[in-house]
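Enquirer: Give me a 3D structure for the following:
(2 chains)
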Amino acid sequence: MKPYLLERQSDARVAPKRIALIRSETPARLLDEREETAMTAPHLLVREVILVQVVVIALAVLSLFFDAALEEIADPYRTPNPAKAAWYFLGLQELLHYFPPVVAGVLLPVLVVIGIVVIPYVGVNLEVVGFYERPWKRNLAIVASVVGAVCALLAAYHVWPVLVPTVILFGLMALPGVAFTPDRIRRPLARVPLADWIMTWFVTVAVILTLIGILFRGPGWTWTWPWRDGIY
Amino acid sequence: MDWVKALTGNRVWRSIVRHGIRATNRNRVMLVMENVLLHLHPAKVRRRNLELSSTYYLGGLSLTLFAVLVMTGLYLMLYYHPSVPQAYDDMKELQFVVSNGVFLRNMHRWAAHAMVLAVFFHMLRVFYHRAYRPPREFNWVVGVVLLILTLLLSYTGYLLPWDQLSFWAVSVGTNMVKATPVLGPKFRFLLLGGNIVGENALLRFYVLHCALLPLALVLGIAIHLWRVRKDGGVRGSAGRARAAERRNGRVQP
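Expert: The predicted structure is shown next:
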(Lines give C-alpha, C1' and ligand atoms only; values in the text may rest on other atoms or scores of the structure.)
Protein backbone atom coordinates (compact mmCIF):
# COMPACT_ATOMS: atom_id res chain seq x y z
CA MET A 1 0.00 0.00 0.00
CA LYS A 2 1.30 3.43 -0.88
CA PRO A 3 1.87 5.74 2.09
CA TYR A 4 -0.48 8.69 2.34
CA LEU A 5 1.44 11.91 1.79
CA LEU A 6 0.33 15.50 2.10
CA GLU A 7 1.77 17.61 -0.65
CA ARG A 8 3.71 20.61 0.53
CA GLN A 9 2.73 23.73 -1.39
CA SER A 10 4.62 26.95 -1.73
CA ASP A 11 1.91 28.52 -3.92
CA ALA A 12 -0.04 30.89 -1.64
CA ARG A 13 -3.23 30.53 -3.74
CA VAL A 14 -3.34 26.77 -3.03
CA ALA A 15 -1.99 26.61 0.52
CA PRO A 16 -2.83 29.77 2.50
CA LYS A 17 0.01 31.22 4.50
CA ARG A 18 -0.42 31.74 8.23
CA ILE A 19 0.87 34.78 10.02
CA ALA A 20 1.37 34.84 13.79
CA LEU A 21 1.27 38.17 15.59
CA ILE A 22 3.30 38.11 18.81
CA ARG A 23 3.40 40.91 21.34
CA SER A 24 6.85 42.30 21.87
CA GLU A 25 7.11 41.29 25.52
CA THR A 26 6.27 37.64 24.73
CA PRO A 27 9.29 35.50 24.05
CA ALA A 28 8.62 33.37 20.98
CA ARG A 29 8.89 29.67 21.75
CA LEU A 30 7.55 26.37 20.60
CA LEU A 31 4.54 25.25 22.65
CA ASP A 32 3.09 22.60 20.41
CA GLU A 33 4.60 20.51 17.72
CA ARG A 34 2.66 18.59 15.15
CA GLU A 35 2.91 15.02 16.31
CA GLU A 36 2.88 11.89 14.24
CA THR A 37 -0.69 10.78 13.54
CA ALA A 38 -2.43 7.51 12.76
CA MET A 39 -5.76 6.82 11.05
CA THR A 40 -8.59 6.34 13.55
CA ALA A 41 -9.91 3.53 11.38
CA PRO A 42 -8.53 0.97 11.91
CA HIS A 43 -5.82 1.75 14.50
CA LEU A 44 -7.92 3.29 17.27
CA LEU A 45 -11.17 1.43 16.50
CA VAL A 46 -9.46 -1.97 16.71
CA ARG A 47 -8.10 -1.09 20.14
CA GLU A 48 -11.52 0.08 21.31
CA VAL A 49 -13.18 -3.12 20.18
CA ILE A 50 -10.55 -5.14 22.05
CA LEU A 51 -11.11 -2.98 25.14
CA VAL A 52 -14.87 -3.64 25.09
CA GLN A 53 -14.30 -7.37 24.65
CA VAL A 54 -11.76 -7.57 27.47
CA VAL A 55 -14.07 -5.63 29.83
CA VAL A 56 -17.14 -7.72 29.06
CA ILE A 57 -15.24 -11.02 29.35
CA ALA A 58 -13.57 -9.97 32.61
CA LEU A 59 -16.91 -8.88 34.09
CA ALA A 60 -18.59 -12.09 32.95
CA VAL A 61 -15.88 -14.25 34.56
CA LEU A 62 -16.04 -12.18 37.74
CA SER A 63 -19.84 -12.54 37.79
CA LEU A 64 -19.64 -16.30 37.36
CA PHE A 65 -17.43 -16.80 40.40
CA PHE A 66 -18.40 -14.02 42.81
CA ASP A 67 -21.97 -13.27 43.84
CA ALA A 68 -23.19 -9.80 44.79
CA ALA A 69 -24.07 -9.63 48.48
CA LEU A 70 -27.71 -10.00 49.51
CA GLU A 71 -28.68 -10.03 53.17
CA GLU A 72 -32.10 -10.52 54.71
CA ILE A 73 -34.91 -8.05 54.05
CA ALA A 74 -34.50 -4.48 55.34
CA ASP A 75 -35.70 -4.04 58.91
CA PRO A 76 -35.76 -0.48 60.33
CA TYR A 77 -35.99 -1.89 63.86
CA ARG A 78 -32.84 -4.01 63.68
CA THR A 79 -29.70 -1.88 63.29
CA PRO A 80 -26.64 -3.89 62.27
CA ASN A 81 -23.48 -3.12 64.20
CA PRO A 82 -21.56 -1.55 62.53
CA ALA A 83 -23.84 0.04 59.91
CA LYS A 84 -21.47 0.80 57.05
CA ALA A 85 -22.03 3.01 54.00
CA ALA A 86 -21.02 1.99 50.47
CA TRP A 87 -17.26 1.32 50.28
CA TYR A 88 -16.36 4.58 48.52
CA PHE A 89 -17.96 6.58 51.34
CA LEU A 90 -16.18 4.68 54.12
CA GLY A 91 -13.33 7.20 54.12
CA LEU A 92 -15.87 9.86 55.03
CA GLN A 93 -17.48 7.58 57.59
CA GLU A 94 -14.06 7.01 59.13
CA LEU A 95 -13.66 10.79 59.41
CA LEU A 96 -17.03 10.89 61.16
CA HIS A 97 -15.31 8.92 63.92
CA TYR A 98 -12.99 11.88 64.63
CA PHE A 99 -14.89 15.02 63.65
CA PRO A 100 -18.43 16.25 64.38
CA PRO A 101 -20.94 15.31 61.62
CA VAL A 102 -21.09 18.82 60.18
CA VAL A 103 -17.32 18.74 59.59
CA ALA A 104 -16.90 15.17 58.35
CA GLY A 105 -20.22 14.84 56.53
CA VAL A 106 -20.60 18.29 55.01
CA LEU A 107 -17.63 20.65 55.34
CA LEU A 108 -14.82 18.30 54.31
CA PRO A 109 -16.62 16.71 51.30
CA VAL A 110 -17.66 20.16 50.05
CA LEU A 111 -14.07 21.41 50.45
CA VAL A 112 -12.73 18.35 48.63
CA VAL A 113 -15.13 18.84 45.69
CA ILE A 114 -14.34 22.57 45.48
CA GLY A 115 -10.62 21.83 45.76
CA ILE A 116 -10.79 19.34 42.86
CA VAL A 117 -12.98 21.58 40.68
CA VAL A 118 -10.64 24.59 40.90
CA ILE A 119 -7.46 22.60 40.11
CA PRO A 120 -7.05 23.88 36.52
CA TYR A 121 -7.62 27.49 37.60
CA VAL A 122 -4.91 27.57 40.28
CA GLY A 123 -1.38 28.56 39.29
CA VAL A 124 0.36 25.84 41.32
CA ASN A 125 -1.23 23.19 39.15
CA LEU A 126 -0.11 24.76 35.88
CA GLU A 127 3.58 24.47 36.68
CA VAL A 128 5.59 21.58 35.35
CA VAL A 129 8.89 22.35 37.03
CA GLY A 130 9.91 20.41 40.10
CA PHE A 131 9.67 22.01 43.53
CA TYR A 132 13.47 22.22 43.83
CA GLU A 133 14.09 23.33 40.27
CA ARG A 134 13.33 26.94 41.20
CA PRO A 135 14.20 29.05 44.26
CA TRP A 136 12.61 26.92 46.93
CA LYS A 137 13.67 28.04 50.42
CA ARG A 138 10.77 30.46 50.95
CA ASN A 139 8.24 28.09 49.35
CA LEU A 140 9.39 25.24 51.57
CA ALA A 141 8.94 27.46 54.62
CA ILE A 142 5.37 28.27 53.53
CA VAL A 143 4.54 24.60 52.89
CA ALA A 144 6.11 23.63 56.21
CA SER A 145 3.99 26.13 58.14
CA VAL A 146 0.80 24.98 56.38
CA VAL A 147 1.65 21.32 57.08
CA GLY A 148 2.45 22.24 60.68
CA ALA A 149 -0.91 23.95 61.16
CA VAL A 150 -2.79 21.04 59.58
CA CYS A 151 -0.90 18.55 61.73
CA ALA A 152 -1.69 20.52 64.89
CA LEU A 153 -5.38 20.44 63.98
CA LEU A 154 -5.21 16.70 63.21
CA ALA A 155 -3.42 16.02 66.50
CA ALA A 156 -6.07 18.00 68.42
CA TYR A 157 -8.75 15.67 67.01
CA HIS A 158 -6.53 12.53 67.30
CA VAL A 159 -6.72 11.82 63.56
CA TRP A 160 -3.56 9.65 63.52
CA PRO A 161 -4.38 7.81 60.24
CA VAL A 162 -4.17 11.17 58.45
CA LEU A 163 -1.42 12.74 60.52
CA VAL A 164 1.12 9.94 60.07
CA PRO A 165 1.04 9.84 56.21
CA THR A 166 1.04 13.65 56.17
CA VAL A 167 4.25 13.76 58.18
CA ILE A 168 5.86 10.97 56.12
CA LEU A 169 5.01 12.61 52.78
CA PHE A 170 6.21 16.01 53.96
CA GLY A 171 9.43 14.34 55.11
CA LEU A 172 9.91 12.88 51.62
CA MET A 173 9.20 16.26 50.09
CA ALA A 174 11.70 18.00 52.36
CA LEU A 175 14.47 15.42 51.74
CA PRO A 176 16.10 17.17 48.75
CA GLY A 177 16.39 20.31 50.88
CA VAL A 178 18.48 18.47 53.47
CA ALA A 179 22.22 18.71 52.87
CA PHE A 180 23.22 15.08 53.48
CA THR A 181 20.59 13.47 51.19
CA PRO A 182 22.42 11.28 48.65
CA ASP A 183 22.08 12.41 45.03
CA ARG A 184 20.44 9.15 43.99
CA ILE A 185 17.43 9.98 46.18
CA ARG A 186 17.57 13.74 45.80
CA ARG A 187 17.33 13.91 42.02
CA PRO A 188 14.00 12.11 41.37
CA LEU A 189 12.36 13.77 44.39
CA ALA A 190 13.54 17.26 43.38
CA ARG A 191 11.83 16.91 40.02
CA VAL A 192 8.34 16.42 41.51
CA PRO A 193 6.16 19.56 41.18
CA LEU A 194 4.29 20.88 44.22
CA ALA A 195 0.93 20.01 42.63
CA ASP A 196 1.92 16.34 42.47
CA TRP A 197 2.91 16.36 46.14
CA ILE A 198 -0.49 17.79 47.11
CA MET A 199 -2.49 15.37 44.96
CA THR A 200 -0.41 12.39 46.11
CA TRP A 201 -1.03 13.41 49.70
CA PHE A 202 -4.79 13.64 49.09
CA VAL A 203 -4.98 10.28 47.33
CA THR A 204 -2.83 8.57 49.98
CA VAL A 205 -4.98 9.90 52.81
CA ALA A 206 -8.23 9.03 50.99
CA VAL A 207 -7.06 5.48 50.26
CA ILE A 208 -5.82 4.89 53.83
CA LEU A 209 -9.07 6.19 55.38
CA THR A 210 -11.18 4.12 52.97
CA LEU A 211 -9.17 0.95 53.62
CA ILE A 212 -9.44 1.46 57.38
CA GLY A 213 -13.22 1.92 57.00
CA ILE A 214 -13.55 -1.21 54.86
CA LEU A 215 -11.18 -3.59 56.63
CA PHE A 216 -10.34 -2.44 60.14
CA ARG A 217 -13.63 -1.25 61.66
CA GLY A 218 -16.05 -3.46 63.56
CA PRO A 219 -18.90 -3.15 66.08
CA GLY A 220 -19.15 0.34 67.58
CA TRP A 221 -16.55 1.46 65.02
CA THR A 222 -13.82 -0.12 67.16
CA TRP A 223 -10.53 -1.19 65.62
CA THR A 224 -10.56 -4.81 64.39
CA TRP A 225 -7.95 -6.92 62.59
CA PRO A 226 -9.42 -8.46 59.41
CA TRP A 227 -7.30 -11.64 59.73
CA ARG A 228 -8.37 -12.21 63.34
CA ASP A 229 -11.91 -10.80 63.56
CA GLY A 230 -12.99 -10.88 59.91
CA ILE A 231 -14.40 -8.05 57.82
CA TYR A 232 -17.58 -6.35 58.99
CA MET B 1 -15.33 -11.82 -3.71
CA ASP B 2 -18.32 -11.23 -5.89
CA TRP B 3 -21.01 -11.44 -3.27
CA VAL B 4 -19.28 -8.78 -1.16
CA LYS B 5 -19.17 -6.53 -4.19
CA ALA B 6 -22.84 -7.25 -4.93
CA LEU B 7 -23.82 -6.56 -1.33
CA THR B 8 -21.88 -3.33 -0.91
CA GLY B 9 -22.20 -2.01 -4.44
CA ASN B 10 -25.98 -1.78 -4.83
CA ARG B 11 -28.04 1.36 -4.38
CA VAL B 12 -29.70 0.36 -1.10
CA TRP B 13 -26.39 -0.35 0.65
CA ARG B 14 -24.81 2.82 -0.69
CA SER B 15 -27.80 4.86 0.52
CA ILE B 16 -26.97 3.70 4.06
CA VAL B 17 -23.16 3.50 3.92
CA ARG B 18 -21.89 6.13 1.54
CA HIS B 19 -18.29 5.01 1.30
CA GLY B 20 -16.85 1.91 -0.35
CA ILE B 21 -15.08 -0.95 1.37
CA ARG B 22 -11.71 -0.64 -0.34
CA ALA B 23 -8.96 0.08 2.17
CA THR B 24 -8.17 3.54 0.91
CA ASN B 25 -7.42 6.45 3.20
CA ARG B 26 -10.47 8.25 1.86
CA ASN B 27 -12.76 5.40 2.90
CA ARG B 28 -11.09 5.22 6.30
CA VAL B 29 -11.78 8.89 6.86
CA MET B 30 -15.38 8.52 5.61
CA LEU B 31 -15.96 5.53 7.90
CA VAL B 32 -15.30 7.78 10.90
CA MET B 33 -16.85 11.01 9.65
CA GLU B 34 -20.07 9.53 8.26
CA ASN B 35 -20.99 7.44 11.30
CA VAL B 36 -22.96 9.16 14.03
CA LEU B 37 -21.18 7.27 16.82
CA LEU B 38 -17.70 7.12 15.33
CA HIS B 39 -17.65 10.80 14.45
CA LEU B 40 -16.91 11.51 18.10
CA HIS B 41 -13.43 10.56 16.96
CA PRO B 42 -11.31 12.68 14.68
CA ALA B 43 -10.32 10.99 11.43
CA LYS B 44 -6.74 10.86 12.64
CA VAL B 45 -5.33 10.63 16.15
CA ARG B 46 -1.89 11.21 17.62
CA ARG B 47 0.05 7.99 17.27
CA ARG B 48 1.46 8.39 20.78
CA ASN B 49 -2.02 8.36 22.26
CA LEU B 50 -2.56 4.82 21.00
CA GLU B 51 0.06 3.62 23.47
CA LEU B 52 -1.26 2.23 26.73
CA SER B 53 0.87 4.55 28.89
CA SER B 54 -0.67 7.60 27.23
CA THR B 55 -4.24 7.31 28.56
CA TYR B 56 -4.40 3.72 29.91
CA TYR B 57 -7.75 3.77 28.03
CA LEU B 58 -9.40 4.81 31.31
CA GLY B 59 -11.98 7.12 29.71
CA GLY B 60 -12.95 4.40 27.25
CA LEU B 61 -13.00 1.91 30.11
CA SER B 62 -15.42 4.11 32.07
CA LEU B 63 -17.67 4.54 29.04
CA THR B 64 -17.63 0.79 28.32
CA LEU B 65 -18.59 0.02 31.91
CA PHE B 66 -21.41 2.55 31.69
CA ALA B 67 -22.69 0.85 28.53
CA VAL B 68 -22.61 -2.52 30.30
CA LEU B 69 -24.49 -0.96 33.22
CA VAL B 70 -27.19 0.50 30.97
CA MET B 71 -27.76 -2.83 29.26
CA THR B 72 -27.76 -5.01 32.36
CA GLY B 73 -29.79 -2.33 34.13
CA LEU B 74 -32.49 -2.44 31.47
CA TYR B 75 -32.71 -6.23 31.87
CA LEU B 76 -32.94 -5.89 35.65
CA MET B 77 -35.76 -3.34 35.29
CA LEU B 78 -37.86 -6.04 33.64
CA TYR B 79 -37.85 -8.00 36.89
CA TYR B 80 -38.00 -5.23 39.44
CA HIS B 81 -40.80 -3.42 41.28
CA PRO B 82 -39.79 -0.40 43.40
CA SER B 83 -42.10 -1.15 46.31
CA VAL B 84 -41.80 -2.64 49.78
CA PRO B 85 -41.47 -5.63 50.22
CA GLN B 86 -41.79 -6.60 46.53
CA ALA B 87 -38.33 -5.14 45.76
CA TYR B 88 -36.65 -7.67 48.04
CA ASP B 89 -38.85 -10.48 46.76
CA ASP B 90 -37.70 -9.61 43.24
CA MET B 91 -34.09 -10.14 44.38
CA LYS B 92 -35.09 -13.61 45.52
CA GLU B 93 -36.87 -14.17 42.21
CA LEU B 94 -33.66 -13.26 40.40
CA GLN B 95 -31.91 -15.82 42.56
CA PHE B 96 -34.33 -18.73 42.25
CA VAL B 97 -36.74 -18.12 39.35
CA VAL B 98 -35.19 -15.97 36.62
CA SER B 99 -32.77 -17.74 34.28
CA ASN B 100 -29.28 -16.35 34.85
CA GLY B 101 -30.79 -13.82 37.25
CA VAL B 102 -27.88 -13.98 39.68
CA PHE B 103 -25.41 -13.61 36.82
CA LEU B 104 -27.29 -10.53 35.61
CA ARG B 105 -27.26 -8.90 39.02
CA ASN B 106 -23.61 -9.78 39.58
CA MET B 107 -22.67 -8.25 36.25
CA HIS B 108 -24.49 -5.01 37.16
CA ARG B 109 -22.97 -4.87 40.62
CA TRP B 110 -19.35 -5.54 39.61
CA ALA B 111 -19.56 -3.18 36.66
CA ALA B 112 -20.87 -0.48 39.04
CA HIS B 113 -17.98 -0.92 41.48
CA ALA B 114 -15.53 -1.03 38.58
CA MET B 115 -16.95 2.16 37.10
CA VAL B 116 -16.42 4.12 40.33
CA LEU B 117 -12.79 2.96 40.32
CA ALA B 118 -12.31 3.56 36.59
CA VAL B 119 -13.65 7.12 36.74
CA PHE B 120 -11.47 7.86 39.78
CA PHE B 121 -8.35 6.47 38.09
CA HIS B 122 -9.26 8.40 34.95
CA MET B 123 -9.25 11.58 37.02
CA LEU B 124 -5.85 10.71 38.50
CA ARG B 125 -4.43 9.95 35.05
CA VAL B 126 -5.60 13.31 33.74
CA PHE B 127 -4.16 15.04 36.79
CA TYR B 128 -0.69 13.48 36.73
CA HIS B 129 -0.42 14.05 32.98
CA ARG B 130 -1.42 17.71 33.46
CA ALA B 131 -4.11 17.11 30.83
CA TYR B 132 -6.41 19.67 32.50
CA ARG B 133 -4.25 22.64 31.54
CA PRO B 134 -5.66 25.35 29.28
CA PRO B 135 -7.59 25.08 27.03
CA ARG B 136 -8.95 22.00 28.79
CA GLU B 137 -9.84 23.57 32.17
CA PHE B 138 -13.58 23.46 31.75
CA ASN B 139 -13.59 19.85 30.61
CA TRP B 140 -11.91 18.96 33.90
CA VAL B 141 -14.87 20.58 35.68
CA VAL B 142 -17.30 18.60 33.51
CA GLY B 143 -15.31 15.50 34.44
CA VAL B 144 -15.68 16.23 38.16
CA VAL B 145 -19.46 16.53 37.64
CA LEU B 146 -19.40 13.15 35.90
CA LEU B 147 -17.50 11.63 38.85
CA ILE B 148 -20.12 12.96 41.27
CA LEU B 149 -22.95 11.68 39.06
CA THR B 150 -21.25 8.27 39.00
CA LEU B 151 -21.08 8.22 42.78
CA LEU B 152 -24.74 9.29 43.05
CA LEU B 153 -25.80 6.61 40.58
CA SER B 154 -23.94 3.97 42.55
CA TYR B 155 -25.35 5.29 45.80
CA THR B 156 -29.00 5.39 44.64
CA GLY B 157 -28.64 1.92 43.16
CA TYR B 158 -27.37 0.67 46.49
CA LEU B 159 -30.84 1.03 48.08
CA LEU B 160 -32.82 -0.81 45.42
CA PRO B 161 -32.32 -4.44 46.61
CA TRP B 162 -33.96 -3.39 49.89
CA ASP B 163 -31.93 -5.71 52.10
CA GLN B 164 -30.33 -4.87 55.43
CA LEU B 165 -27.07 -3.88 53.74
CA SER B 166 -28.66 -1.36 51.38
CA PHE B 167 -31.13 0.03 53.89
CA TRP B 168 -28.54 0.86 56.53
CA ALA B 169 -25.91 2.08 54.09
CA VAL B 170 -28.40 4.61 52.77
CA SER B 171 -29.54 5.49 56.28
CA VAL B 172 -25.94 6.28 57.26
CA GLY B 173 -25.53 8.43 54.14
CA THR B 174 -28.76 10.40 54.48
CA ASN B 175 -28.03 11.00 58.18
CA MET B 176 -24.81 12.71 57.06
CA VAL B 177 -26.93 14.95 54.82
CA LYS B 178 -29.01 15.88 57.85
CA ALA B 179 -25.93 17.45 59.47
CA THR B 180 -25.90 20.25 56.89
CA PRO B 181 -26.90 23.48 58.61
CA VAL B 182 -30.27 25.06 57.68
CA LEU B 183 -31.01 23.14 54.47
CA GLY B 184 -29.92 19.64 55.57
CA PRO B 185 -33.15 18.31 57.11
CA LYS B 186 -35.28 19.84 54.33
CA PHE B 187 -33.08 18.34 51.62
CA ARG B 188 -33.17 14.95 53.33
CA PHE B 189 -36.97 15.12 53.45
CA LEU B 190 -37.04 15.92 49.73
CA LEU B 191 -34.67 13.04 48.94
CA LEU B 192 -36.50 10.45 51.04
CA GLY B 193 -40.07 11.66 50.56
CA GLY B 194 -40.44 11.51 54.34
CA ASN B 195 -38.46 11.45 57.56
CA ILE B 196 -37.34 7.83 57.33
CA VAL B 197 -35.93 5.57 54.64
CA GLY B 198 -39.18 3.93 53.57
CA GLU B 199 -41.37 3.13 50.59
CA ASN B 200 -41.25 6.70 49.24
CA ALA B 201 -37.47 6.78 49.49
CA LEU B 202 -37.26 3.54 47.52
CA LEU B 203 -39.45 4.97 44.75
CA ARG B 204 -37.49 8.23 44.63
CA PHE B 205 -34.14 6.45 44.53
CA TYR B 206 -35.52 4.21 41.77
CA VAL B 207 -36.55 7.20 39.67
CA LEU B 208 -33.20 8.89 40.28
CA HIS B 209 -31.27 5.71 39.54
CA CYS B 210 -33.14 4.62 36.41
CA ALA B 211 -34.18 7.89 34.80
CA LEU B 212 -32.87 11.21 36.06
CA LEU B 213 -29.23 10.41 36.85
CA PRO B 214 -28.54 8.23 33.77
CA LEU B 215 -29.99 10.95 31.53
CA ALA B 216 -27.84 13.56 33.27
CA LEU B 217 -24.80 11.30 32.90
CA VAL B 218 -25.42 10.72 29.18
CA LEU B 219 -25.77 14.46 28.65
CA GLY B 220 -22.60 15.07 30.66
CA ILE B 221 -20.66 12.43 28.72
CA ALA B 222 -21.81 14.01 25.45
CA ILE B 223 -20.51 17.41 26.59
CA HIS B 224 -17.30 15.84 27.92
CA LEU B 225 -16.47 14.02 24.68
CA TRP B 226 -17.47 16.98 22.53
CA ARG B 227 -15.17 19.22 24.55
CA VAL B 228 -12.30 16.74 24.15
CA ARG B 229 -12.59 17.25 20.40
CA LYS B 230 -13.09 21.01 20.62
CA ASP B 231 -10.15 21.49 22.97
CA GLY B 232 -7.70 19.86 20.62
CA GLY B 233 -8.12 16.14 21.11
CA VAL B 234 -7.00 13.68 23.74
CA ARG B 235 -4.08 14.92 25.80
CA GLY B 236 -2.05 11.87 26.66
CA SER B 237 1.10 11.90 28.75
CA ALA B 238 2.98 14.92 27.49
CA GLY B 239 6.16 12.96 26.80
CA ARG B 240 8.43 14.97 24.54
CA ALA B 241 6.22 18.06 24.69
CA ARG B 242 6.59 18.16 28.45
CA ALA B 243 10.35 17.85 28.18
CA ALA B 244 10.34 20.88 25.86
CA GLU B 245 8.24 22.82 28.35
CA ARG B 246 10.60 21.90 31.17
CA ARG B 247 13.41 23.45 29.20
CA ASN B 248 11.33 26.59 28.74
CA GLY B 249 10.53 26.90 32.43
CA ARG B 250 7.07 27.62 33.74
CA VAL B 251 4.18 27.27 31.35
CA GLN B 252 2.04 30.38 31.27
CA PRO B 253 -1.67 29.87 31.78
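Enquirer: so is B:F120 in a helix, a strand, or just coil?
Expert: helix (DSSP: H, G, I helix; E, B strand; the rest coil).
Enquirer: Kindly report the same for the one 10 residues further on.
Expert: Here B:R130 is coil, with the state taken from three-state DSSP.
Enquirer: Tell me how far it lies from chain A.
Expert: 6 Å (Cβ to the nearest Cβ, to the nearest Å). Any C-beta I mention is one placed from the backbone N, CA and C, and that applies to glycine too.
Enquirer: I'd like the distance between A:W136 and chain B.
Expert: 14 Å.
Enquirer: Quick check: that residue touching A:G177?
Expert: Yes. With contact defined as Cβ atoms under 8 Å, A:W136 reaches A:G177; the gap is 6.8 Å.
Enquirer: Okay, helices next: where are they in chain A?
Expert: Applying DSSP state H to chain A gives helices spanning A:45-65, A:90-96, A:101, A:108-117, A:137-156, A:160-174, A:183-190, A:194-215, A:226-229.
Enquirer: where in the chain is pLDDT low?
Expert: I went with chain A, as the question did not name one. A:1-18, A:26-34 (pLDDT under 70).
Enquirer: hm, I was asking about chain B
Expert: For chain B, the stretches flagged by pLDDT under 70 are B:238-253.
Enquirer: Would you mind giving the domain segments of it?
Expert: B:1-41, B:65-234 (automatic domain parsing).
Enquirer: what ranges do the helices span in chain B?
Expert: Remark: helices assigned in chain B by DSSP H are B:2-9, B:11-16, B:25-33, B:52-55, B:58-78, B:86-96, B:101-128, B:137-159, B:164-178, B:184-192, B:199-207, B:213-230, B:240-248.
Enquirer: Flag every buried residue along the fifth one.
Expert: What that stands for is helix B:58-78. The neighbour-count check on helix B:58-78 (16 or more other Cβ atoms under 10 Å in any protein chain shown) flags B:58-66, B:68-69, B:72-73, B:75-76 as buried.
Enquirer: so which of those residues are also by chain A?
Expert: B:60-61, B:64-65, B:68 (Cβ under 8 Å from any Cβ of the partner chain).
Enquirer: what sits against residue 85?
Expert: Picked chain A for this. Counting by Cβ atoms under 8 Å, 6 or more residues apart in numbering or on different chains, A:A85 touches A:92-93, B:169, B:172-173.
Enquirer: sorry, should have said chain B
Expert: A:73, B:162 are the contacts of B:P85 under Cβ under 8 Å, 6+ apart.
Enquirer: measure it to B:V172 for me?
Expert: 21 Å (Cβ to Cβ, to the nearest Å).
Enquirer: closest to B:H108 among the buried residues of helix B:58-78?
Expert: Set against B:H108, the nearest of the buried residues of helix B:58-78 by Cβ to Cβ is B:T72 (4.2 Å).
Enquirer: Give the closest residue to the closest one in space, chain neighbours not counted.
Expert: B:H108 (4.2 Å; Cβ to Cβ, 6 or more residues apart in numbering or on different chains).
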